[in-house]
Structures are given as C-alpha cells and as structure tokens.
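Novice: Based on what follows, work out the 3D shape:
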Amino acid sequence: MSVAAVAPSKDLRDAVLAADEAESVMARDYPDIKADLDTRVNTHHPHNEPIPINISYSDSSAITLHSHTIAPIHSANLSNSSGGPPLTSTQHSHLPPSHHQHQHQHHHNQSTEPGSPTKHNHQEDLHGRSTIAASNTTTTTITTTTNSSSSSSSSSSPLHQTTLSHSVPIDTSATLVSDISSPSSSLVSPVSSPSSTSTTPSPTLAPSTTNTPAATTANLQQEKKQLHSQQPLEATLMSQSSSATSESNTTYSDSGKSTHYSELNEVEFGKLTSKKYLYKSHWPAGKELPFVPEDLPNLYVFISTYLSYLLLIILGHAEDYFYDLIRDDSTKNLRISNGFAPIVSAFDSFYVRRQKQRLTDCFSRITTGVPGRFIRVLDRHTEDNMTSFIYDGTDSLCLNLSSYNYLGFAQSAGQCTDVADVAINSYGTTSGAPRIAGGTLDYHLISEKVVADFVGKESALIYSMGYGTNATIFSSLVDKQCLVISDELNHASIRFGVRMSGAFIKIFKHNDMVDLEHLLREQISQGQPRTRRPWKKILIVVEGLYSMEGTMCNLPALVNLRKKYKFYLFVDEAHSVGAIGPHGRGVADFFSIDTKNIDIMMGTLTKSFGATGGYIAADKLIVDKLKLNNFGNLYSESAAPPVLAQINSSLLTITGDLLPGQGQERLQRIAFNSRYLRLGLKRLGFIVSGMEDSPIIPLMVYQPSKMSAFSRLMLSRKIAVVVVGYPATPLTSSRVRLCVSASLTKEDLDRLLREVNEAGDYLNLKFSCELSPTTGKLRRENIDDVLKTLVDDVQKDMSQF
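Specialist: Below is the predicted model:
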C-alpha cells in the first residue's frame, strides 16, 4: 500500500480540535465510559506507540472521526489506500468512485471484502445524534504519536472504534498549510506498488516541542485564533477562491477529469474563438437618447391579430355555454356547489381556460442543469388537450436564448462555485433568521460593502428576493402625501410596491421626456388633490433596462429634469447592472453619469451575477432608515451565505480583483453578441425593438398563433426561446424575447440567425417596413450576405444601419 505524508490542512487541525472538545464533553457527561476508554487505550496503545484514527471520505467529502481518545498530535500521515501516486487534497475530493478499492481493518479481525454490499454502522454521537459510517468508503488513516523521536509509524495496528463518534465536516479542497512546529516539513514518500502491504515506513512531520496533551491543544487553539485574525473574512474567502481557481496553476473537476480553469465547460460557457468578437459598449457623455421612430408592420397584421383574438373569444364562450348546458365536470368549479360560491369566476378565468391553455406547451417548460450556453429541456407530451403533460423520461440539449445569465456566471465549476463551497463550509447553507433577529452575518456586511462600492453609492442593503425588494421598498419611502410618477412600462413589482405605499400615482408615456416634464409642471403647480397643498416629496421611478422592450431609460434627460425640478430619482437596474456599460455598472456607467445624480438605485442579483435576491443602494441615511422600518428587510429571510459568496466573487471578477481580465472579456462578449444578433435580425427583415447594446432582444410576432408556432419550431431545432403575450404585453404585441449571454459564441449566433431566418420565411414573420440605407428597398437580405459583413459592422455606429 502506498503511503504519502503531507502537511495537515487548517480544516484538519480544526477537526482535531473538535475531537478534543468532544473528548472533554465525554469526560464531563460520561465519566465512567471515559475512564474505561482511557484504560483500554493505555493498555493497547502505550504513549510511545501510534494511535490510528479512521477518517472515512464519503462521496460528499464529509469526514467522520471514529476515535477520540487521541494522544497529542506531533505527526500525521495521509495514506492512499488504493495505491498509486500520492494524492493532493484537491485530488482527494474529486476521485471517481471507481478509483477506490475499499479495505478496512477492524478490531477483533472484523473485515469487509472489496465488492461486498455496503454496510452502515449506525452510531450516536455525544449529543444523541445518529451518524452513519459506510464500511466501504475510502479510508485515510491518520497516525498520531506521542513519541517526539519517532519518525515513522506502522499502519498494522488494529483500528479501535468506539461507540461514541463525532462528525466533523472538513473542506478537502482547502489549501494545505504547513505543520505547526515545522513549516517546511511537507514530504512525500516513494510510492510502492498497489499490491504491497502497509508495512512500509512512512515519513512523518517534525514533532512538536512538547509532549503534553494540554500544551498541544493550547497550541492548536492559539494557531486557530491566529489564522482567523491574520486577515479579514473577505480576504480569507477571496484568497481561498483565488488559490482554488488561479489560471496559472489550478484545476477543477469535471466528471472526474481535471481541467484547466480557462477551459470552461463548453456546454455552460463557450470559448472565445477570436478577439474580433469583442466590443466595448459606450455612449457619448452628456448626449441624450435620440427619438427613434418605431418600426411598425402593415395594417393587415394588426387586423389579423384582432381577428385571431376575436375568434378565440367566440369559440371559448361557445364551449363554456355548451359544457355548462350539459353540466359537464370541466365547468363544475365555476358553478355554485353545496352552497359555496366558486372561488374563480367563469369571467376571470376565461382567458386562461380558453386561450392560454391552447398555448400551454410553450410556457413553463421544465429544464434541468445549469442555464448556461446550452440548457436541458425535459421532453413531454399531452394526451388531453394540454390539461396535463406526460414526461417522456428524456431531455433535449438546446441552445439557450431564454435565461437571464447575461455574463455567464451560472456555472457548475469555476471561481464562483469554489467560493460558494468555502462559504458553505464556513457558514452553512442559511443564516436561519431575518436580519433583525440574528440573521445578519458579517458576510452580509461585507457583501453590502462590495455592492455599494461596485455601483458607486455610499451604502447598500441586500434582500433575499428581487421582486420583494420593489414590492416592499416604496412603503418606507413615500406615503399618501407624496407623488410617485412612474413609467408606463415599469415592472409589475414596481406597480405593486407603489400601490402598497398609498402614494398618489401618475403615469407618463414610455421614455417620453416631453410628457414627463408636462406632468411635472402640472403636478407641482396644482399640488395635492382637494387640499392643494404642496407635495411632501415627488419620486420618479424608471427602469434602467426594460425587460420586455429592450429599451433603456433616457437617463441624461432625467438627470437634467431632476436638477431643474428637484425631485427624487429611483432607477431599477434589475436587467442593466452587470450587463450594460463599459465596466458593467449599469445605465449610469453606460451614459457616463455620476451616480450621485441618482438618489436610489435598485438592482437584482439574479440576472448578471448568477445569484438570487436584490439590493438597494443609496446614501447611508436612507439605507439606515430602511434597516429600521422596511418590513421586507425586517421580516423576510436574509440572503444565504453561498449566495453572498456568489455575489462577491462575480462582482470581484467584473472589477478585476479576482481573475483579472476575465470580467472585461465577459462584458465585451455580451456587448458584441447583443449588437451582432440585433443587427443580423434587422437585416433579415424582422422587427426588433430596443437599444443596440441591450442584451434583451424582443422579436415581434404579433399574432398569438404565430407566437406558439415559432416556439414549437425552435424547440424542434434544439433552440430554447421564451415567448411573451398578453397580459404581460399589449394585446397586439406578442413577441419572442431573446436573452443574449456572454456564454454564447459567434458560431452559436450564426446558427441561431439561420434557424430564425428559415422560421421567419415559413411563418411569414418578416414584418419590417424599414428601408435599407444602402439599397433603398425593404430589408430582406440574404442570410449569407448578412453574415459576411456583420462582424465588421458591429464595431461601427449602428444608427447608420
């Protein structure tokens, strides 16, 4: 058996400390058992002989210490029971199950043959909790000795397992640190053949200067305190992540294979094949957004759309009348039953039952795996007219144009995943309480500081839900004596939150600054209704990037109006932060506007950062008030530690503090991909709305029947898209919402353009009435001609196209 000696990791020493603590608890609560164990240990293992400790590595890398009558630790040997080269700590955590040959030594000659069924030994720890030790898990024996002159140990001693055990989770991927007494003593022994026995002496670490258990425990505890005090938590987590994901010397596991980090999983994040496929988004400083006339289809498109809905309404009412006449079971929930009124009336549920149900297969598709470059969609079919679905047990790997994974941080391996693992080992999976009731971790404060610095505000507050952030924030900002002026296309969460606040609400036309100024002048001059008193405060609410339109707010014009009329400005950057701007800091970064001109900045951590939750960034005075009186912060569950780790690592990657250069590459890739796909669709003759740099590209289909047909056709060609119709959009504005990601390659977009071009010809979706500036004819260019010049044209001012 090959034996390798390596320096113990910090987590291993923590495990030993935990074992010592368990021994103390046993001595206090179970003195008889403790005395008996001491007697047996002294009998079988004098102080000049090693006492083995069995550590079982399960598939989840959790480690269980089975013996706690431990002599002072002065040396440690990690042996690879399966033979072969010595294992590093990273390799320990990523060995495939087939690699292990399970052999164990038990007291009284109890053994388990390789290949025999797994046997579980149910035990109880000192707190009465049940632990399970699988007898065929990979075993690493750590031999401890109290003889300072001993330089080798034999692993042939019988393994003493007590009925009292203590489970300690150990991060096997943590960087190994040197021994307490001898930092340089990290030795690896020669490797013997797998068939050799374990009698080969194994080099041990240099012994400690003391032999007393109390002194050794004190040294370990002192070192543990020093390790925690040497650097702040943020630096500790980031340094561990950096050491675990450094591009120069570190690997990560992918299906049992060791892969360089720069070679990301191709299914989750595509490789950049040329530097030409990068673009740095920018906007001339101080320039307002120009008015761009909307590209509208011919009148027959709107007429046919209204006729489609009219036909659905007529057929739906005819079905309701017939089924109600024959008292069919399908309408029993819509009738009075046993004196109970129906919970849902026939009128309220009509659209869902008679119109949306015909398109149900295009919505709520079940996916599995990482929503990266590709996504797996579970295959299903219906046998009852889409009332229910039967899953086939298979899935389809589809090109992903449906997820809000703008920068591609939703990955199963990489720097974000590594830091999340560290956070779980350090904090667990949840904070376990609201922020005000013990749910505030030091990690929350670090994450909020990182967010505030990233967006350029004095302070920030993180919420566990993006929708809940908007739904609860306005009640703490305005009341019935205040005026809120909202864009007509603001998100439903904003509308709900504003209504909950009780403030007086006015709506202005989407991105129409003339209409907004007219409304401001009117409301300032008239004041509050009935009393005509001046408004207590005026708050204007806009979105940085509108999720259904792909348009940006005219922030330069809004800032000019703010300076003129002295109102407060609230900007929802749920879709813009991380995805827009040369540094990924949202619309303020894109327009080169100082964030001091924005009073309150809201954002979600789901879209660009691969996490969950939302945040509010503002002056410290505002954030401190929210901490005290905002029920979304007081009563909701706080963000989980691994989520905070994901937030920190993604933000630090964007800023270049972690893996320098990768953040900028992601930002430039999504900018190129957005412009490339948008310009390609326009030249093919499709109507698309929004800004050139917007990663949201709405492709207008108008008619509901064509919306569902397009979705099914794309799925049959292994492309996942999202279709959106009424009531999320106006009745005549059904669309396909294409969400661009940095994980997509230029070749992926070429394939998408070809498939969409064929679908557009088949379904007659090329409605654009714009004329080509080069030919003067309707835009209906050939796909091959489009792809030839598209890369170069992306780098130019796209307004000329």
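
Novice: quick one: buried residues of the helix ranked longest in the chain?
Specialist: If each helix of the chain is counted by residues according to DSSP state H, the longest one is helix 299-325. By neighbour count, and taking 16 or more other C-beta atoms under 10 Å as the criterion, the buried residues in helix 299-325 are 301-302, 305, 308-309, 312, 316, 320. The way it works is simple: take the backbone N, C-alpha and C, and place the C-beta from them, glycine included.

Novice: Domain map for the chain?
Specialist: 3-230, 275-400+661-801, 415-655 (automatic domain parsing).

Novice: State the mean pLDDT of the first one.
Specialist: When you say that, I think you mean domain 3-230. Averaging the model's pLDDT scores along domain 3-230 yields 42.

Novice: Can you report how many residues neighbour the residue lying closest to residue 470 once chain neighbours are set aside?
Specialist: Nearest residue to residue 470, sequence neighbours excluded (C-beta to C-beta, 6 or more residues apart in numbering): residue 493, at 3.7 Å. Residue 493: 22 surrounding residues under other C-beta atoms under 10 Å.

Novice: host element of residue 493?
Specialist: Counting by DSSP states H and E, the secondary-structure element that holds residue 493 is helix 492-501.

Novice: What's the local residue count around residue 337?
Specialist: When counting by other C-beta under 10 Å, one arrives at 10 neighbours for residue 337.

Novice: now residue 509
Specialist: Residue crowding around residue 509 was assessed by other C-beta under 10 Å; the count is 13.

Novice: And the closest residue to it other than its chain neighbours, its phi and psi?
Specialist: The spatial neighbour of residue 509 that comes closest, neighbours along the chain excluded (C-beta to C-beta, 6+ apart), is residue 515 at 4.5 Å. In this entry, residue 515 is assigned phi and psi values of phi -60, psi -40 (degrees, to the nearest 10).

Novice: Surely residue 412 and residue 418 touch.
Specialist: No. The pair residue 412 and residue 418 fails to qualify as a contact (C-beta atoms under 8 Å) at a distance of 11.3 Å.

Novice: more neighbours, these two?
Specialist: With other C-beta under 10 Å as the criterion, residue 412 and residue 418 differ in neighbour count, and residue 418 comes out ahead with 23 against 14.

Novice: Which helix or which strand is home to that one?
Specialist: Using DSSP H and E, residue 418 sits in helix 415-427.

Novice: Give me the angle between whatever helix or strand comes next after that helix and helix 415-427.
Specialist: Past helix 415-427, heading to the C-terminal end, the next element that is a helix or strand (DSSP H and E) is helix 442-455. Helix 442-455 runs at 150 degrees relative to helix 415-427, counting by axes from the mean of the first three to the mean of the last three C-alpha atoms, to 10 degrees.

Novice: Helix 442-455 packs against which elements?
Specialist: When contacts are defined as 3 or more C-beta pairs under 8 Å, 6 or more residues apart in numbering; DSSP states H and E, helix 442-455 packs onto helix 233-245, strand 459-463, strand 614-618, helix 641-655.

Novice: what's the longest helix of the chain packed up against?
Specialist: With 3+ C-beta pairs under 8 Å, 6+ apart as the test, helix 299-325 has helix 350-354, strand 696-702, helix 704-716 packed against it.

Novice: ranking the ones you listed by burial, who's on top?
Specialist: With neighbours taken as mean count of other C-beta atoms under 10 Å, the helices and strands packed on helix 299-325 reach their highest mean count in strand 696-702, at a mean of 23.

Novice: Other residues contacting that strand?
Specialist: The contact list for strand 696-702, computed with C-beta atoms under 8 Å, 6 or more residues apart in numbering, reads 297, 301-302, 305, 545-550, 575, 674, 677-678, 681, 686-690, 707, 710, 723-724, 732-740, 756, 763, 765, 767.

Novice: can you check stretch 725-736 too?
Specialist: Residues from elsewhere that reach stretch 725-736 (C-beta under 8 Å, 6+ apart): 302, 305-306, 309, 351, 359, 548, 698-704, 706-707, 710-711, 721-724.

Novice: Let me see the mean pLDDT of the longest helix of the chain.
Specialist: When the per-residue pLDDT values of helix 299-325 are averaged, the result is 90.

Novice: Could you identify the longest strand within this protein?
Specialist: The strand of greatest length in the chain, counted in residues with DSSP state E as the criterion, is given as strand 390-400.

Novice: who's in contact with that one?
Specialist: Here strand 390-400 makes contact (C-beta under 8 Å, 6+ apart) with 267, 366, 368, 371-383, 715, 718-720, 741, 743-744, 748, 751-752.

Novice: The residue lying closest to residue 386 once chain neighbours are set aside - how many residues pack around it?
Specialist: Leaving aside its chain neighbours, residue 386 sits nearest to residue 360 (4.4 Å; criterion: C-beta to C-beta, 6+ apart). Under the neighbour criterion other C-beta under 10 Å, residue 360 is assigned a count of 16.

Novice: Kindly report the same for residue 605.
Specialist: So residue 605, with other C-beta under 10 Å, has 29 neighbours.

Novice: ok, the residue nearest to it when sequence neighbours are not counted to residue 561 distance?
Specialist: Counting by C-beta to C-beta, 6+ apart, residue 605 lies nearest to residue 611, which is 4.3 Å off, once chain neighbours are set aside. Distance, residue 611 to residue 561, using C-beta to C-beta, to the nearest Å: 34 Å.

Novice: neighbour count winner among those two?
Specialist: The neighbour comparison of residue 611 against residue 561 (other C-beta under 10 Å) goes to residue 611, with 27 against 18.

Novice: Surely the more buried one is in contact with residue 649?
Specialist: No. With contacts counted by C-beta under 8 Å, residue 611 stays clear of residue 649, the gap being 9.4 Å.

Novice: rewinding a little: ok, of the helices and strands packed on helix 299-325, where does mean pLDDT dip lowest?
Specialist: Note on those: helix 350-354 shows the lowest mean pLDDT, a mean of 86.
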